[in-house]
Each structure stands twice: as C-alpha cells, then as structure tokens.
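Chemist: give me the fold of what follows.
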Amino acid sequence: MTITQASAQSADEVESERLRAVARYAILDTPADDAFDRIARVAARCLATPMATVAIVDRDRIWFKAACGFDGLPQVDRDAGLCASAILGDRPYVVRDAFIDPRTAGNPLVHGQWGIRFYAAAPILTSDGHRIGTVDVLDTKPHNPTGDDIATLSDLAAIVMDELELRLSALTTVRFDGVLRDTAGLDRASIEDYAGVLQRSLLPPSLPNIPGVSLAAHYHPASSARVGGDFYDVFALDRRRWAFFLGDVEGHGAAAAAVTSLVRYTLRAAALHHDDPTDGLAELNTVLVSDPNEKKFCTVLFGLLAPSAGTDAYDVTLATGGHPPALLLDADLGTVVRVRPDGGMLVGAIADATFEQCTVQLRRGQTLLLYTDGITEARPDGAECFGEETLCAFVADRANLQAADLVNELAALVRTLQADDDVALLALTADR
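Modeler: Numbers count the residues shown, from 1 in each chain. As a prediction, the model looks like this:
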C-alpha cells in the first residue's frame, strides 16, 4: 500500500493495514534495546527536553520501545497518548504549548500528573507508507523548536525505521535457516529460491541517481544455494552528499547473512550522524564486538562523495576496515591507482580497533572501482590466485569504459574464474 492509495481507503482499512505493518516488525513487548534507548537519549539531548520516547502505536495502546525521563511507564492508553494524533500525517507534529493548543488542551497528559506543555514528534514511516509510531520529545514548559530541530527528529525516526528493518531482516534470516532445516527433503531448486530471496533482501534494490556520476554494481554468489556475506550500498545523505560502502563478512550462510544485515543498517544509520567515515566504522566495530549472538568480523570500504568546490570533480573520502584497496582508473593517463589509506583494521575483531581514511578526487572520465576478494582469490587454473596485479591489468585495458560497461566486463570475467567465494563489485564513474 502506498500513501497515495491510502487516501482512497476507509479509515478502518488504513488502520487495519497499519496494524498489520506493526505486527510485521514483531517489536511490541520486546526487551529493552540500547540502539533504541540511544535514539531516545539523542532526541532529548538535541532538542533540550527532559523526556523523549520511541513509541509504537498499537490497536489500543501506545507502547514505548524506549523512553527517556519516563521511569516505570512502559505504555499509555492510545486515547490518552499524543502519538495517536502524530501518526495521522506524514509530516512532523509539533505542539508548542499544549495548554493552549486546541488539539491537546483537553488531553490528560497535559492536565494530569505529567503536565506536558510541549510535544514534537516525527512519524516512523515504513517503506510501504505505514506510520507505525513516532520519535517524540516532551517537556513541562513550552518550546519553539527550529527547523533543524524538527529535521533532527525526522532523521532519528528514519534511523529507528532502519533499526526495525534490521531486526526484521535478522528475523527473516533465522526463519530462513529454520525453513532449510524443515525442508531438507525439498529439491535443490526450492532451496535455491529461498536463498535467492534472502540474498536480495541484503542488497539495495536499486542504486540512486547522482548528478554527473554513473553507478553500477554486481553481485555474484559462489553458490546459488548458499547465502553469501558480501554486501554494498549507495545512498543519499542530502542533496549534495552521498555515502557508499562495500565489504565482506566472514563466512557464509544464515549466520553471515544476519551479520551482513546488521552491518548494512548500522553503516546507513552511522552515515546520518557522522561526517567522518572512520567514526562510522568505529560505531560498526562497537556494534559487532558487543553483539552477544554473532561473533563475526568483516572488511569494509566506507566512502563519502560530494562535488569538489570550484571544480567539476568530486571529492571522495574513503575509510578502510581491512579491505582490499579501491582502484582509480584514468583512461587519459592510462593509470590504475590503488586507493586505500595506510592502516585500518578488521571491523568487529577487537574492541579497540583503529581505522584510517584518505581523500581523492574523482575527475571527469575517471572511475572508482570497489571489489571483494572473491575475484582476486579465485584460482581459475586450480593453483594460482587471479591476484590483484592481474585485476589491475584487466581494468587498465578497460579504463575508458563507463561504470555499467566496466562492471559488465568484470561480471563476464568472474563467470570464467571458477571462484569459490562470492564477488561484489561497485563502480562510480564521473561522467565526461
């Protein structure tokens, strides 16, 4: 259901579908989670309020997944809660002075023991248009929040949605693992179908449009019946900045898929509130090291792309967590330059891991290629690795190609290498 379609439905139909979306994420009545607690604390700190919640609106209650300043209050009746009104629209809901605002003047939270005077909330919006809850802040005195304050709430609500998608993806992984055990007698085609569906859920469905930059990506599983641990993503941070990453989780199967999902959504969330990509890798490292369920590490290249001031080029800041270097291809100069800062440790291996970054310019006609080691460690003759030097020579002969054509050539190459590991490729070309 899209938001446009919802307008043609009755209120009862919209609410029924919204409740099904709430149920889909299986979040109600789950234990406390530091990721959501942190979001509530950040909301309260950024808007200088003593109270904040991450709230999910159920059929007859508003349940707090996280609450700051509401000790011992796990939920409130839906009729009494302010969130029930906040989810009626797609835009943030702001009550500067609840005592005089006609929308809230009769609310028991305003006149009761809490004495709420200020309330601001951003809806938690699913990709299919359902408003399942809010990130909100409250105070006992009026406020006049700025546009940046409200934008911060919206960003935090988007991060909550990313966390919920992460949980759902992990649950899907667990269910998939159970399906494989329960359907061991099915034919190979059925198992490959399950694996394919799960693998697609771990990769972006499409790449964004970046003005002046062509993008292309490819994922080659070593086995169609096995879920891999390679991943990539590209997404906008604002109108002029984009983030991208590519990496490889240790191992394969459902366990690697769960970590892959965790990595992807953690890096997406980190990119929204860290300008330095090494800080994003440090946050991911903390998450992986502290995860009690999965003890796996990964390698990552995590980058930021933005137009270079006063030129027609792009600045690329690239941080590494133990990953092979990116390759910068220049057809005019006939060069292939390895791009990776010195240092940069595996992500998730040790608690005090350190990460490094470097900055390069992506000029018109140049291509930045990121890849996983499945291609360089392939042994096409059964003995010698294909190797980084051979890969550099291969792409040097094709440095004049745009991203899509280069990735197509590499994808055709991978099919001949008899790789026993997955391969992910991501290319960015600054258009001429």
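
Chemist: buried residues of stretch 21-41, list them for me.
Modeler: Using 16 or more other CB atoms under 10 Å as the test for burial, stretch 21-41 gives 21-22, 25, 27, 35-36, 38-40. Yep, even glycine has a C-beta here, placed from its N, CA and C like the rest.

Chemist: pLDDT check: weakest of those?
Modeler: Ranked by pLDDT, those bottom out at residue 35, which has 76.

Chemist: tell me the phi and psi of residue 412?
Modeler: Main-chain torsions, residue 412, degrees, to the nearest 10: phi -60, psi -40.

Chemist: try residue 264
Modeler: The phi/psi pair for residue 264 (degrees, to the nearest 10) reads phi -60, psi -50.

Chemist: so it sits against residue 233, correct?
Modeler: Yes - the pair residue 264 and residue 233 passes the contact test of CB atoms under 8 Å, sitting 5.9 Å apart.

Chemist: could you check which helix or strand contains residue 246?
Modeler: Residue 246 belongs to strand 242-249 when assigned by DSSP states H and E.

Chemist: distance from the chain centre to that strand, please.
Modeler: 10 Å (CA atoms, centre = their mean, to the nearest Å).

Chemist: with only the CA atoms kept, save that strand in CSV.
Modeler: Output in CSV follows, covering the C-alpha atoms of strand 242-249 (Å, rounded to 0.1, in the frame of the first residue of the first chain):
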residue,chain,number,x,y,z
TRP,A,242,26.2,10.5,-0.9
ALA,A,243,27.6,7.6,1.1
PHE,A,244,28.7,4.3,-0.2
PHE,A,245,30.2,1.1,1.1
LEU,A,246,31.3,-2.4,0.0
GLY,A,247,32.5,-5.2,2.2
ASP,A,248,32.7,-8.8,3.1
VAL,A,249,31.5,-10.6,6.2
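
Chemist: pull up the pairing partners for it, direction included.
Modeler: Here strand 242-249 has these sheet partners by DSSP bridges: strand 230-236 (antiparallel), strand 298-307 (antiparallel).

Chemist: what mean pLDDT does that strand have?
Modeler: Mean predicted confidence for strand 242-249 is 93.

Chemist: what residues are up against the nearest residue to residue 300 once chain neighbours are set aside?
Modeler: In this structure, residue 300 finds its nearest non-sequential neighbour in residue 247, 3.7 Å apart by CB to CB, 6 or more residues apart in numbering. Shown in contact with residue 247 (CB atoms under 8 Å, 6 or more residues apart in numbering): 230-232, 263, 298-301, 321, 323, 347, 372.

Chemist: and of the residues you listed, the nearest to residue 404?
Modeler: Each of those was checked against residue 404 using CB to CB; the closest is residue 232, at 15.0 Å.

Chemist: roughly how far apart are the residue nearest to that closest one when sequence neighbours are not counted and residue 260?
Modeler: Nearest residue to residue 232 in three dimensions, chain neighbours excluded: residue 246, at 4.2 Å (CB to CB, 6+ apart). Noted for residue 246: a distance of 12 Å to residue 260, by CB to CB, to the nearest Å.

Chemist: ok, now residue 309?
Modeler: Applying CB to CB to residue 309 and residue 260 gives a distance of 36 Å.

Chemist: looking at those two, which is more packed in?
Modeler: Neighbour count, other CB atoms under 10 Å: between residue 309 and residue 260, residue 260 has more, with 29 against 7.

Chemist: helix or strand: which one has that one?
Modeler: Secondary structure from DSSP H and E places residue 260 in helix 253-273.

Chemist: off-centre distance for the following helix or strand past that helix?
Modeler: Downstream of helix 253-273, the next assigned helix or strand under DSSP H and E is helix 277-290. From the chain centre to the centre of helix 277-290 is a distance of 14 Å (CA atoms, centre = their mean).
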